[in-house]
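**Student:** Kindly return the folded structure for what I paste below:
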Amino acid sequence: MTETAAKMARDGSRRGGSRPGAGRKKKQLSAPTSLSELELKALLAEPAPEEIDGIAQRHADLAIETLSRLMIYGASESAKITAAKEILDRGYGKPAVEIGGDAAMLPFMMAPQSPAALSKTDDVRSQARKYAAVAVATLRKIAQDGQSETARAGASKALLDRGLGTVGKARMPDEQRDRPLGKKEEAARAAEAAATGRFATPPPPRALADTTLQ
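**Tutor:** You can find the predicted model right below:
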């Protein structure tokens with residue numbers, strides 16, 4: 001650095017020397033979504049809750065609001081699809097099964113809910129249904145104009161599941177499933193299952209070509 005440049009740097013010139021706010025910004029020690037040390041210690045010091053439903057229900061309104069914002073303004077197509085599907089599920093339930101299976105819930109699968117929980121469930125369902133048409137339109141837009149093939153396929157599947165129901169597992173026809181095997185069939189299947197490796201049944205001999213010399 002020349003004497004003139006050094007003098008200009010000392011006099012506050014923008015050439016050379018350190019400037020306030022210059023350089024790489026320091027990284028934050030924790031992400032914005034990380035719990036603070038104080039909050040983490042307080043949560044771990046509390047006894048384990050007997051029921052978790054009531055604790056989660058306090059944040060149901062926040063969850064619906066967040067999902068609606070992600071669905072409308074989200075930058076990630078996969079996040080928009082997930083948000084739209086969750087809003088539709090909360091507003092109208094999971095899609096019914098189209099083929100095979102049973103869409104009805106068994107009695108032991110339905111957990112009893114308190115009146116307060118039922119009231120909150122109704123509120124969340126009502127809020128979710130306000131965004132139902134927007135959710136379907138968002139899925140349609142991504143299915144048609146999505147940037148990635150995965151996003152277009154996921155949005156298309158979500159529309160099919162919601163409109164026609166999910167596809168259940170294929171089941172064997174009753175006449176084949178319930179028909180008992182005869183003794184010969186059982187023996188043949190057992191022999192096929194047991195005969196492996198060098199003990200496997202050899203293939204039938206191939207027909208020999210006529211090689212008789214005239």
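
**Student:** what comes up buried for stretch 119-137?
**Tutor:** Within stretch 119-137, the residues scored as buried using 16 or more other C-beta atoms under 10 Å are 120, 124, 127-128, 131-132, 135-136. Backbone N, C-alpha and C define where each C-beta goes, glycine included.

**Student:** quick one, helices of this structure?
**Tutor:** Remark: helices of the chain, listed N- to C-terminal, are 3-10, 37-45, 53-57, 60-73, 77-92, 115-130, 132-145, 149-164, 174-177, 183-194; assignment by DSSP state H.

**Student:** So which bits of the fourth one are buried?
**Tutor:** In terms of neighbour count (16+ other C-beta under 10 Å), helix 60-73 has its buried residues at 63-64, 67-68, 70-71.

**Student:** okay, and the helix or strand of the chain with the least pLDDT?
**Tutor:** Least confident helix or strand, the chain: helix 3-10 with a mean of 56, by mean pLDDT, DSSP states H and E.

**Student:** got any ranges where this protein has weak pLDDT?
**Tutor:** Applying pLDDT under 70 to the chain flags the ranges 1-23, 25-31, 98-116, 170-181, 193-214.

**Student:** Apply 90 and report the result again.
**Tutor:** 1-36, 39-40, 43, 48-58, 94-124, 127, 162-214 (pLDDT under 90).

**Student:** right, and residue 143 touches residue 156 too?
**Tutor:** Yes: contact between residue 143 and residue 156 holds when scored by C-beta atoms under 8 Å: they sit 4.4 Å apart.

**Student:** Of these two, give the one with the bigger neighbour count.
**Tutor:** Counting neighbours by other C-beta atoms under 10 Å for residue 143 and for residue 156 shows that residue 143 has the greater number, 19 against 16.

**Student:** so who does the closest residue to the more buried one other than its chain neighbours touch?
**Tutor:** Computed as C-beta to C-beta, 6 or more residues apart in numbering, the closest residue to residue 143 that is not its neighbour in sequence is residue 155, at 3.9 Å. Contacts of residue 155 were listed using C-beta atoms under 8 Å, 6 or more residues apart in numbering, and they are 77, 81, 139-140, 142-143, 146.
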